[in-house]
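**Student:** Sharing a sequence plus its predicted fold:
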Amino acid sequence: MPEEFPDGLIDEVDDRILAGLATLYETIDPVPPGLLERIDFALAVAELEADIAELSRGDLVGVRGEETDSVTFTSGTLSLMVTTAASAHHVRIDGWVTSPGAEVDVVGEGLTRTTVADEAGRFSVEGVPRGRAHFVVRREGYRPVITPSMEI
C-alpha cells in the first residue's frame, strides 16, 4: 500500500527503486559490526551518568587447562581486574576491584549477574554464557562505573 507524502503518493515503481537503493547501500556501505551495541552502550552510559573505565589487556603466562584471559579496567576512582576461564559454553569470572564491598554486575546478552566484592575486593561469578559482556560497578557515595563490552 502506498504511503502518503505531502507532495503526493509513492507508487510501486518508487517502492522498487527505494528497495534497490536500500540493497545497494547495505552491500557497499553496511552498518559496521558492533555499531548498534556501541550506540546502546553510549546511551546506557548517558542514562546512568556513569564514569567509563578504560580497557587495558594483559596476557597470562603459565596458566594451564582452560582458555584464560585477564583484563584490567581503570577509571579516575576505581580499578577492576577480571580474569576469565572459559569452557565450551560458559565462563567463570574471577575479579578484583579497588573498592571492597562494591556491587559488581556482569551484564551479558539477555542476562545480568550481580555479586558483591568481599573485604579484599575479590569476587567470582560462575556459569556466565560466552558472548559479549560488560561490567557495572556500584559503590556508595560514587557514580557507577561502567566498562566497555568485551568478548568472553
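**Tutor:** Sure thing, it's come through. Numbers count the residues shown, from 1 in each chain.
**Student:** May I ask which helix or strand of this protein has the lowest mean pLDDT?
**Tutor:** Within the chain, judged by mean pLDDT, DSSP states H and E, the helix or strand with the poorest mean is strand 4-5; its value is a mean of 58.
**Student:** ok, Arg113 touching Val125?
**Tutor:** Yes: using CB atoms under 8 Å, Arg113 makes contact with Val125 at a distance of 5.1 Å. Backbone N, C-alpha and C define where each C-beta goes, glycine included.
**Student:** what touches both of the two?
**Tutor:** Overlap of the contact sets of Arg113 and Val125 (by CB atoms under 8 Å, 6 or more residues apart in numbering) consists of Val106.
**Student:** how near is Arg138 to Leu9?
**Tutor:** The gap separating Arg138 from Leu9 is 53 Å, by CB to CB, to the nearest Å.
**Student:** Which of Arg113 and Val125 has more residues huddled nearby?
**Tutor:** A direct count of neighbours by other CB atoms under 10 Å for Arg113 and Val125 places Val125 higher, at 20 against 15.
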